[in-house]
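Undergrad: Pasting the sequence and the predicted model now:
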Amino acid sequence: MSDAVTPFQAPIGTHDVLAPRSAEWEGVVATFAQFAYRYDFELVITPMFEDVGVFNRGIGEESDVAKKEMYVFADRGERVYALRPEGTAPVVRAFIQHNPTTPWKAWYVTPAFRYERPQAGRYRQHHQLGVEVLGTDDPAVDVEVIALAERFYRALGLTRFRLLINSMGHDICRAAYVELLRAHLEKNAERLCDEHRTTWSVNPLRVLDCKDPACVAVTAEGPMLIDHLCDDCRDHFERVVKGLSSIDIESQLDPRLVRGFDYYTRTTFEFVADALGGAQNAIGGGGRYDKLAEQLGGKPTSGIGFGSGIERLLLTREAEGVEPRNLVERSLEVFVIDTTTHDVATVLVDELRAAGIATARAYDNRSMKSQMKVADKSGARLALLVGPQEFAAGEVTIRDLRSDDFEQTQRRVARGDVAFAVAELLTKS
RNA sequence: GUGGGCGUAGCUCAGUUGGUUAGAGCGCCAGGUUGUGGUCCUGGAGGUCGCGGGUUCGAUCCCCGUCGCUCACCCCA
């Protein structure tokens, strides 16, 4: 580090994830991948940035996310792109572009970027796990997507969370409802909160989401979308709720649940963690978006999906006091100590690793004592020692790091028998 | 975007009512004789006290600005 340069830091609202935290991440992602495959989803990887229109038309230009939270930039060719603020729109764009056979069931893990002021559970770069199903509006799929989320959370050890559910209706019945709501808001505009008193007409549904007591009071007297669904939408919703309860997943109707993206139709849901005290208590959410494909220029195609924030899941697990689980095993088996200057460690390590044995070694030609200390801290079960004596004899000393008297358990084997002897020692518990 | 709290070694934190070489624990490194870890002992490295400016004879400690962290509002994962 030169004294002239002040060290760089990770950008605001972003974080480096190092061990042991990264091991928890790995476990969460691996668990989700396992669930995704169990539910017959395939992995899809889409670009981190898209034409800004994918998001503007997808999540709605009037949404907060599109309006003031996107990272928008022009590249050197003056194309205007946005860093993905969410996972669904890009997947639908990819669906339209490649036209895979339906139903198309895809899962993803991706960073998401939103320009917000960071706080507990909220970052400028966070990471989402999610799934999308394109090409069917069967309520059984809604149930399956929600079930995947629910079972996944349980597999992570979470227990204190609730499923909130609502229906946004489809375009026709929602439009009719919005007019009812609009009329009600117009009549009571004076009583709304400061912000919505003037902005309610832009997107009346957003007022339902407002937590200000003033707005809550007004909307409580007004019409609720759930009571104004058309027959088809009502039936669809009922079948989703029934399907969920048939597999013992309790859902809680929340008529105010209007999620932040404009593309939702019919089923919308959110999992909230009770252990997370703050406002950022949603660990996952999603819903149906039967018009999104069209809005992005594709054929009319139904879709549904959900996304879950890895950071929030980890926070929730911590808040619930659940021990990190689903950790990917990382136990080092062998540590090679070499005090010669003949690259013995280099060869041994290569040989053992080729045999599938997790092996580490010391560097920098340190003393035997020093290398032993490193071996001890590494957590390896066995140490292989090669000093001048072993080197001259063409042998290697094998030492069990879990036993306290090395004179009893330490033994020497011929250089050529090392891999076999190590494998044997490792298999007997 | 608005507002509150905070910013001292890798980590967790003391500390100076402004005054000579800023401390602890953990971690790290090296020793404790002749090639062997975990305990113990000894020693050591490591800090422009976030950065810049101001007040002052003198600031890590006061003031201002700035950057960053954190929490809340908003919105969401």
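TA: Cool, got the structure.
Undergrad: Once you drop chain neighbours, what's closest to residue A:29?
TA: Sequence neighbours aside, residue A:109 is the residue nearest to residue A:29 in space, at 5.6 Å (criterion: C-beta to C-beta, 6 or more residues apart in numbering). To be clear about C-beta, it is placed using only N, CA and C from the backbone, and glycine gets the same treatment.
Undergrad: The one you found is in contact with residue A:128, isn't it?
TA: Yes - counting by C-beta atoms under 8 Å, residue A:109 does reach residue A:128; the two are 7.2 Å apart.
Undergrad: sorry, back to before: pretty sure the residue nearest to residue A:29 is in a helix, no?
TA: No - Residue A:109: not assigned to a helix; according to DSSP: H, G, I helix; E, B strand; the rest coil it is strand.
Undergrad: can you pull the contacts of it?
TA: Residues near residue A:109 by C-beta atoms under 8 Å, 6 or more residues apart in numbering: A:29, A:32, A:33, A:127, A:128, A:129, A:130, A:310.
Undergrad: same thing but at 7 Å, please
TA: A:29, A:127, A:129 (C-beta atoms under 7 Å, 6 or more residues apart in numbering).
Undergrad: Phi and psi next, for the residue of chain A found nearest RNA strand B.
TA: With C-beta to the nearest atom of the strand as the measure, residue A:260 is the residue of chain A nearest to RNA strand B, at 1.5 Å. Per-residue torsions, residue A:260: phi -70, psi -10 (degrees, to the nearest 10).
Undergrad: Tell me which residues touch it, please.
TA: A:63, A:64, A:65.
Undergrad: Mind checking which of the residues you listed are buried?
TA: With burial judged by 16 or more other C-beta atoms under 10 Å, the buried subset of those is A:63, A:65.
Undergrad: Any chance of the contacts of residue A:260 in CSV with distance to RNA strand B, secondary structure and pLDDT as columns?
TA: As requested, those are exported to CSV (distance: C-beta to the nearest atom of the strand, whole Å; DSSP: H, G, I helix; E, B strand; the rest coil; pLDDT from 0 to 100):
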residue, distance to RNA strand B, secondary structure, pLDDT
A:63, 6, coil, 79
A:64, 4, helix, 79
A:65, 6, helix, 83
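Undergrad: Dump the contacts of residue A:260 to CSV, plus distance to residue A:198.
TA: Formatted as CSV, the contacts of residue A:260 follow (distance: C-beta to C-beta, whole Å):
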residue, distance to residue A:198
A:63, 18
A:64, 16
A:65, 21
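Undergrad: Just after the host helix or strand of residue A:373, pick out the following helix or strand.
TA: Assigned by DSSP states H and E, residue A:373 falls within helix A:368-378. For helix A:368-378, the succeeding helix or strand toward the C-terminus, using DSSP H and E, is strand A:382-386.
Undergrad: Export only the CA atoms of that next one, formatted as PDB.
TA: Presented in PDB, the C-alpha positions along strand A:382-386 are these (Å, rounded to 0.1, in the frame of the first residue of the first chain):
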ATOM      1  CA  LEU A 382      -3.500 -36.100   9.200                       C
ATOM      2  CA  ALA A 383      -0.200 -34.400   8.800                       C
ATOM      3  CA  LEU A 384       2.500 -35.700   6.400                       C
ATOM      4  CA  LEU A 385       6.000 -34.800   7.400                       C
ATOM      5  CA  VAL A 386       8.900 -34.800   5.100                       C
END
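Undergrad: From the contact counts, what lies against the helix holding residue A:373?
TA: Applying 3 or more C-beta pairs under 7 Å, 6 or more residues apart in numbering; DSSP states H and E, we find helix A:368-378 packed against strand A:334-338.
Undergrad: Given the strand it packs on, what are its sheet partners and their directions?
TA: Paired strands of strand A:334-338, with direction, are strand A:359-361 (parallel), strand A:382-386 (parallel) (DSSP bridges).
Undergrad: Please spell out which residues along it are buried.
TA: Using 16+ other C-beta under 10 Å as the test for burial, strand A:334-338 gives A:334, A:335, A:336, A:337, A:338.
Undergrad: Without its sequence neighbours, what residue ends up closest to the last one?
TA: Yep, that's residue A:338 we're talking about. residue A:345 (3.5 Å).
Undergrad: That neighbour and residue A:332, how far apart?
TA: Distance of residue A:345 to residue A:332, computed by C-beta to C-beta, to the nearest Å: 15 Å.
Undergrad: likewise residue A:242?
TA: 51 Å.
Undergrad: what's the angle from the helix holding residue A:373 to strand A:382-386?
TA: 160 degrees (axes from the mean of the first three to the mean of the last three C-alpha atoms, to 10 degrees).
Undergrad: circling back to that earlier point, so for residue A:242 and residue A:332, which sits in the more crowded spot?
TA: More neighbours sit around residue A:332 than around the other of residue A:242 and residue A:332, counting by other C-beta atoms under 10 Å; the figures are 15 against 11.
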